[in-house]
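A.B. asks: task: produce atomic coordinates for the following.
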Amino acid sequence: MGALHEGHGALIRRARRLADASGKNGNVVVSIFVNPKQFGPKEDLSLYPRPFAEDRALCKREGVDLLFHPSPGEMYAEDASVMVTESSLSSGLCGGSRPGHFDGVCTVVAMLFTIVRPNIAIFGEKDWQQLAVIRRMVRDLKIPVKIIGHPTMREDDGLALSSRNRLLTSDARRVAPRIYQALLASAMKAENETGEHPSVTRLRQGLKKDLTAIPGAEIDYVEIVDESTLAPLKKFTTQVKARALVAVRFGSVGTASVRLIDNISLPFRS
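C.D. replies: All right, here's what the predicted structure looks like:
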């Protein structure tokens, strides 16, 4: 959605490597579209940063072959009445606190795939739920594109790169890295806890406590889930890959707070 940063740069470079390795004179396409359909009525659509000149310069610097930057009017007819809905993976987490958000995501991504017709599409793992939902949509609708997830890119202090980071106050920016510190602590506990399996409840409670202690932070959700189905876990097993997902809000910008998401896999000793 624009306001590109080094995280997006990493996705573009990954795409460039894959395109060059294809042996078919592959091209790298970047779409930039602030999609109104995935913002709720009380969310920050009007405040979302749109530095298109900077975005275009980054794409040129990274060797992008085509930059697709449509207007809302070009993407949505005035009487548009069709939406793509995913009804399982999108029901909780960000979907629970942002009703309709993933309908907008699935609809616009399906439209972009139809227009651009890529062989491969790369999405960051920072928004793990979005990645899982898109994978499910592609599978169920038989869209001929391979979805590749790219590891979350971070600032030197651990804060996950996000276009919304620029909206943080100086005080919030100073403490926001504690989100990742709390996630790392949970992963270490899952790795080092004695006994047959670590307790999901205890890990979730500890993670929530650490996030609550961040000054100015308001927790949206803290969950430990099966990273494929996004179903909340009751216990760890060797058959399920677990992941902790969190969303935290800081302060206010105009009428909207700044909402940050992050996640981490939770290994454990079997």
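A.B. asks: packing partners for the strand or helix carrying Glu223?
C.D. replies: Mapping Glu223 onto the secondary structure by DSSP states H and E places it in strand 217-226. Using 3 or more C-beta pairs under 8 Å, 6 or more residues apart in numbering; DSSP states H and E as the contact criterion, the elements in contact with strand 217-226 are helix 94-97, helix 200-212, strand 242-253. The C-beta positions use only the backbone N, C-alpha and C, and glycine is treated the same way.
A.B. asks: element containing the residue nearest to Glu125 when sequence neighbours are not counted?
C.D. replies: Leaving aside its chain neighbours, Glu125 sits nearest to Gly149 (4.8 Å; criterion: C-beta to C-beta, 6 or more residues apart in numbering). When elements are defined using DSSP H and E, Gly149 is found to belong to strand 146-150.
A.B. asks: what's the spacing between that strand and its chain's center?
C.D. replies: A distance of 13 Å separates the centroid of the chain from that of strand 146-150, by C-alpha atoms, centre = their mean, to the nearest Å.
A.B. asks: just the helices and strands packed on strand 217-226: most buried one?
C.D. replies: Taking mean count of other C-beta atoms under 10 Å as the contact definition, the stretch among the helices and strands packed on strand 217-226 with the greatest mean neighbour count is strand 242-253, which reaches a mean of 20.
A.B. asks: export only the CA atoms of the next helix or strand after that one, formatted as CSV.
C.D. replies: The C-terminal neighbour of strand 242-253 among helices and strands, as given by DSSP H and E, is strand 256-265. Once side chains and other backbone atoms are set aside, the C-alpha atoms of strand 256-265 remain, and they are given as CSV (Å, rounded to 0.1, in the frame of the first residue of the first chain):
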residue,chain,number,x,y,z
ALA,A,256,-6.8,7.1,15.2
SER,A,257,-4.2,5.2,17.2
VAL,A,258,-1.2,3.6,15.6
ARG,A,259,-1.6,-0.2,15.4
LEU,A,260,1.4,-2.4,15.1
ILE,A,261,1.5,-6.1,14.6
ASP,A,262,4.2,-8.7,15.0
ASN,A,263,4.7,-12.4,15.4
ILE,A,264,7.3,-15.1,16.1
SER,A,265,7.5,-18.9,15.8
